[in-house]
Every structure is written in structure tokens, then in C-alpha cells.
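**Q** Mind folding the following:
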Amino acid sequence: MTTTTALVVSRHGGPEVLEVQEREVPTPGPGEALVEVAAGGVNFIDAYQRAGTYPTQPPYVQGFEAAGTVRAIGDGAVVAVGDRVAWSMTIGLHAGLVIADSEKLLPVPDGVDLETAAAATLQGMTAHALVTDVHHVTQGTVALVHAAAGGVGQLLTQMIVSRGGHVIATAGSAAKLEIARSRGAAETIDYSEADDLSGAVRQAAERLGATKGVDVAYDGVGKATFDDSLASLRPRGTMVLFGGASGQVPPFDLQRLNSGGSLFVTRPSLAHFISEREELMMRGRELFAEIDSGTLDIAIGGRFGLDRAAEAYRALEGRASTGKLLLIP
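**A** As a prediction, this is how the structure comes out:
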């Protein structure tokens, strides 16, 4: 038994409930690996869990995404000591040493550094699922991407453009819109200044040849943008709600989908798109290949020690960050 420094959620609440503690780490059991963490990603799902919006039982170690190096393995593990790996969708990863189910570990190719892998795994596989399976983006797809300067937003924009689609990006400042344009967005809208956001989106879509609205709206903002996202869709368009940075969307009348033009609404979770090991490996392989080839650029917006974790989460939750924030144990 050894010990490690870990970021612990002491009780449900805001970033102030985070505490750095020393915790024991067991020897890896059958099928497990001990991973020395190089970096962990800062994500909204951590905040939802910490607040109790998603069920959790404090105290627990926070963190849902990390990358590092395998230091020990148990019997039957599918990785080897020295392997560089990344993983997500497993709570407890903001620590120096972590026991992991080896079947959930993605191999990180030599051309991808571990900080980049930690910054890309959860959001990158999320974006990959959103453009390949939730709504299949093809040549000519016109997509609305909210918060396009954020971690998922930048990845979505690049993936849509690389597949031949066109992005209408929204963000809350001129600087963030410039980031979206640098990622390939064809049209940009400052939603803090738009009196009629859905009207502005429709006008942008028309300039791109989509006279009836966008094919798909990717909305990780939630409550503040949901209505405008629905109103921006063409008949039989798809609303993809994948987060709630501004708050959770309240119940609404499903008849609105009929009156809007037989619209589709989905609330995907990455967990359901990597539940089988083969699919997990496929997403990781394709994601890291895009990074390794230079097709996909990962923007790291800041690095924080565990003792500054509250600062990192305040920046994320206050939507004051661009790119991906990392915690370095």
C-alpha cells in the first residue's frame, strides 16, 4: 500500500469544497493497472458531480479524465508496465497515482504527448461521437455550434469542417469568436449582443445555402440557448443537447417538435457510445490519429496544480476559459 496526493470533494457544493488530501492507493488487482498521472482534464461533468446534480456520495476523489504511464499491473491486465495511456468516464482521476480498469485504458501513440492526451480524451471522444453517430456530419452539413471557443466547441468545429461541413459558431466575446474562426467556423455570432439569436443563426445559415435553417444544433450551453437552438433548425433537423453550462433545460412541451417541423432532440452521454471495448478503442484510435496527423489541434487553456483546482473550476464554470484546462498532480 502506498499513498498519493488527491483532490477530494469533501461535500456537495461549489469549488470551495475541494480539498487536497493524502490517500492510500492499493496494489492493482486482477485486470487492473496502477497509473502515474501526468495530467487530468477539467470538465463540466466534474462540477455536476461535485454539486450533486449528478448523483455522487462525498467524500470522493474528483476527476473524470486523465493520462499517464502504467507503473504496475495485476494479473490479466491488457496493458504493460511503461505503457502511455489515457482514459475517461471513470471518477477519481485527479490524483498522482490511480488504480484503473486496464480495459478502459486507451494507448497513446508516441506522437501525442500525455498532456495533450489528457486534454483530448473525454471531450475528443465526445465530439467524435457527436459528429459520427449522434448526427452523422457529411459534406455540406450546416451545423450550429454554441460555445465554439470552449474545449468541446473547438473540437466539434474542427471535426465538422474536416468532414466537409460548415459551422455557424456562437460565443460571448470578440476574442472567443476569433478563436472559432481560427478553427474553421464559416460564420460567427456573439450571443451576448444578439437580440434575436435564432434569427441571426438563420440569416447565417442562408448565407451558407441552408435556406430553411441548420441541419443540426450542437448545444452544450443548455438553458440559455435551448429555445434558440430549436428555433434555428430546419424541418426534421436535429437538436443535440450535450451539456448545461448555463443550467439544466426545464421540461418542455413535446408538441413544439411537431410545430417546429418534426424536429429531433437527443441528450447523449459519451458513456453510451464507449460502453463496448471495441467502440472505445475505435474512438480513441481515430481521435489520436487525427491529433497525430495534425488534422485536429488541441488547445490547452491553462495548467493548474491540485492546490489551485478551485481556481481552475471557477474559470471553467464562469465560462472565463478558452480551450482545455488541466490539473497537474
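**Q** alpha carbons only for contacts and neighbour counts from here, please
**A** OK.
**Q** Any idea which residue is closest to the centre of the protein?
**A** Geometric centre of the chain, nearest residue: Gln123, 2.8 Å, by Cα atoms, centre = their mean.
**Q** Can you verify that residue is assigned to a helix?
**A** Yes - assessed with DSSP: H, G, I helix; E, B strand; the rest coil, Gln123 lies in a helix.
**Q** ok, now which ones touch it?
**A** Neighbouring residues of Gln123 by Cα atoms under 8 Å, 6 or more residues apart in numbering: 151-152, 155.
**Q** Spatially nearest residue to Glu19, not counting backbone neighbours?
**A** If the residues on either side of it in the chain are set aside, Glu19 comes closest to Val8, at 5.1 Å by Cα to Cα, 6 or more residues apart in numbering.
**Q** With Ala171 instead?
**A** Sequence neighbours aside, Ala147 is the residue nearest to Ala171 in space, at 4.9 Å (criterion: Cα to Cα, 6+ apart).
**Q** contacting residues around the one you found?
**A** 153, 169-172, 219-221.
**Q** same thing with Ala289?
**A** Contacts for Ala289 were tallied using Cα under 8 Å, 6+ apart; there are none.
**Q** Tell me which helix or strand it sits in.
**A** Per DSSP states H and E, Ala289 falls inside helix 277-293.
**Q** ok so, going back, can you tell me how far the residue nearest to Ala171 is from Ala194?
**A** According to Cα to Cα, to the nearest Å, Ala147 and Ala194 sit 14 Å apart.
**Q** so can I have TSV of the contacts of Ala147 showing neighbour count and pLDDT?
**A** Shown next, in TSV, are those (neighbours: other Cα atoms under 10 Å; pLDDT from 0 to 100):
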residue	neighbour count	pLDDT
Gly153	26	93
Ala169	30	98
Thr170	25	97
Ala171	23	94
Gly172	18	90
Asp219	26	97
Gly220	24	93
Val221	20	92
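**Q** What about these, which are in helices?
**A** Of the contacts of Ala147, the ones assigned to helices by DSSP state H are Gly153.
**Q** quick one: pLDDT of the residue nearest to the centre of the chain?
**A** pLDDT recorded at Gln123 is 92.
**Q** likewise Met1?
**A** Looking at Met1, its pLDDT stands at 67.
**Q** again, but for the one 5 residues further on
**A** For Ala6, the model assigns a pLDDT of 98.
**Q** Would you agree it falls within a strand?
**A** Yes - applying three-state DSSP, one finds Ala6 inside a strand.
**Q** Tell me the bridge partners for it.
**A** Beta-bridge partners of Ala6, counted by DSSP bridges, are Gln21, Ala95.
**Q** if I pick it, what's in contact with it?
**A** 20-23, 61, 94-96, 306, 329.
**Q** PyMOL command for the buried members of the residues you listed?
**A** The PyMOL selection below is limited to those of these classed as buried (16 or more other Cα atoms under 10 Å):
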select buried, resi 20+21+23+61+94+95+96+306+329
